[in-house]
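Q: turn this into a structure:
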Amino acid sequence: MNNQVKPKHNFKFGDLIENHYASEDNPRRIGIFVKKDSKGHFEMTDGKGKFWLSANDNDKLVKIGSVKHPPLRRRREIQSESNSDG
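A: Sure, this is the predicted structure:
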C-alpha cells in the first residue's frame, strides 16, 4: 500500500492564484505561481518584481487562471477599459 500523501495543489509556473485568506485590499491576494521551494512552500510573484512565499497547506489557494489566459473577471475589466477609451 502506498502511504504517500497526494499534494493538495498541482500548480504550474504561470498559474494565477488567489488566496482567499487574504483581504480584498491585500496586494498578495492574487499572485503568479513561480515554483515550489525545497521546504514545500509556494513561491509567488506579482509580476512586477516582488516575490513572497505561501504555505502549501493553505486550502484557500485557488487557481483562477494563468498569465497566458487572464481570469474572466480581469478580461472583462480590460475590455471595459478599452471600450471607455474611445
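Q: residue contacts, the residue positioned nearest the centre of the chain?
A: By C-alpha atoms, centre = their mean, the mean C-alpha position of the chain lies nearest to residue 17, the distance being 1.6 Å. Contact analysis of residue 17 by C-beta atoms under 8 Å, 6 or more residues apart in numbering lists 11, 30-33, 42, 44, 54, 61-64. For the C-beta atoms, the positions are set from N, CA and C on the backbone; glycine is no exception.
Q: so where do the strands sit in the chain?
A: 15-19, 30-36, 42-45, 51-54, 61-66 (DSSP state E).
Q: want to throw those strands into CSV with mean pLDDT and distance to residue 83?
A: Formatted as CSV, the strands of the chain follow (pLDDT from 0 to 100; distance: least, C-beta to C-beta, whole Å):
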stretch, mean pLDDT, distance to residue 83
strand 15-19, 93, 23
strand 30-36, 94, 23
strand 42-45, 94, 30
strand 51-54, 94, 34
strand 61-66, 90, 21
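Q: please report how far residue 33 lies from residue 80.
A: 27 Å (C-beta to C-beta, to the nearest Å).
Q: so which of those two has more stuff around it?
A: Using other C-beta atoms under 10 Å as the criterion, residue 33 and residue 80 rank with residue 33 on top: 22 against 10.
Q: for the more buried one, which residues make a bridge with it?
A: Assessed by DSSP bridges, residue 33 has beta-bridge partners residue 44.
Q: fine, thanks again, bye for now.
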